[in-house]
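[1] pasting the structure only:
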């Protein structure tokens, strides 16, 4: 097994990540630092098999592209193996308790990533399992996305000093985690959402132009998330004034970047010329899911 870089001695082994606030600021910095190093090694085709022989379970109740592929590829790069575990195909889908599932999987796996609806399910798995449990998305938070967003911002601006991050649109689970991550690192975060779409526990602006003015990072997400399909038409009407378009982008700093966790609906929450334009960092952001998750897994499982 390859050792972790000597410059990153922080020991997170055995810990779970159920929400972004599970990390202290120094721990969040350590994840980002290691992610940068693993990204460099990956680009240079240098081996970094930090988790030789380890096994990661992927317990998923929701569809996924970026999360599943980046976790499966990432653990392979680290020398480990991923097992995809659709919840409906486990005894969990036939009534076995969450706690008993956690106890059994702990005997087979070295860590478990969970993509589900209720935050309470991830919390119960983490409380019962004897291995690290990582939230790969719930209806309440998406901490893995926040890690990738931070790496992307830091790459583009060389750090976080003086950076203003502006969220526009639905105050989704991604918004909640990114706001929490920014708070941990002392990064200014503002959110503009219409009534009824505010992220819980976060003060919001009503005017998206006020949020965008002077921002270095503009962020949005789809207006209709998984499980909200029956609300689609109402959401389109309510959120239409919050579209991230070229007019809104012009209010930001000249070197501002645009982030979107994807998948996107061009022409709805984001204009196509913005998503595919020169200021979009959405594709670097998607790639950075790979590197930040590898770093996190190495720190939680390794040691």
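    Nice, I can see it. Values in this document were obtained by computation on a predicted structure and should not be read as measured data. Residues are numbered from 1 along each chain as shown.
[2] Give me the phi and psi angles of residue 133.
    Backbone dihedrals for residue 133, given as degrees, to the nearest 10, come out at phi -120, psi 130.
[3] need the contact list for the nearest residue to residue 201 once chain neighbours are set aside.
    Sequence neighbours aside, residue 176 is the residue nearest to residue 201 in space, at 7.8 Å (criterion: Cβ to Cβ, 6 or more residues apart in numbering). C-beta: built from backbone N, CA, C; applies to glycine. When contacts are counted by Cβ atoms under 8 Å, 6 or more residues apart in numbering, residue 176 touches 140, 141, 142, 199, 200, 201, 202.
[4] most neighbours, which of the residues you listed?
    The most crowded member of those is residue 142, carrying 27 neighbours; neighbours defined as other Cβ atoms under 10 Å.
[5] so it makes contact with residue 179?
    No - taking Cβ atoms under 8 Å as the definition, residue 142 is not a contact partner of residue 179, at 11.6 Å.
[6] all strands of this structure, in order?
    Taking DSSP state E as the criterion, the chain carries its strands at 55-60, 81-86, 111-115, 133-135, 164-168, 188-192, 217-220, 257-260.
[7] Going by contacts, tell me the helices and strands next to the third one.
    So the one you mean is strand 111-115. Counting by 3 or more Cβ pairs under 8 Å, 6 or more residues apart in numbering; DSSP states H and E, the packing neighbours recorded for strand 111-115 are strand 55-60, helix 66-77, helix 119-128, strand 133-135, helix 282-301.
[8] 7 Å instead, please
    strand 55-60, helix 119-128, strand 133-135, helix 282-301 (3 or more Cβ pairs under 7 Å, 6 or more residues apart in numbering; DSSP states H and E).
[9] Then the last one?
    If you count contacts as 3+ Cβ pairs under 7 Å, 6+ apart, strand 257-260 packs onto helix 143-157, strand 217-220, helix 282-301.
[10] of all those, which gets the most neighbours per residue?
    strand 217-220 (a mean of 27; mean count of other Cβ atoms under 10 Å).
[11] Please list the residues outside it that contact it.
    Contacts with strand 217-220, where a contact means Cβ atoms under 7 Å, 6 or more residues apart in numbering, come from 153, 163, 165-169, 178, 212, 244, 249, 252, 256-260, 269-270.
[12] Stretch 242-258: end-to-end distance?
    14 Å (Cα to Cα, to the nearest Å).
[13] Also stretch 42-50?
    13 Å.
[14] Begin at 615 from now on, thanks
    That works, and once the first residue is 615, the last one we named lands at stretch 656-664.
[15] tell me which residues in stretch 707-725 are buried?
    Within stretch 707-725, the residues scored as buried using 16 or more other Cβ atoms under 10 Å are 712, 715, 716, 719, 720, 723, 724, 725.
[16] Farthest pair within those?
    Greatest spacing in the buried residues of stretch 707-725, by Cβ to Cβ: 712 and 724 (19.4 Å).
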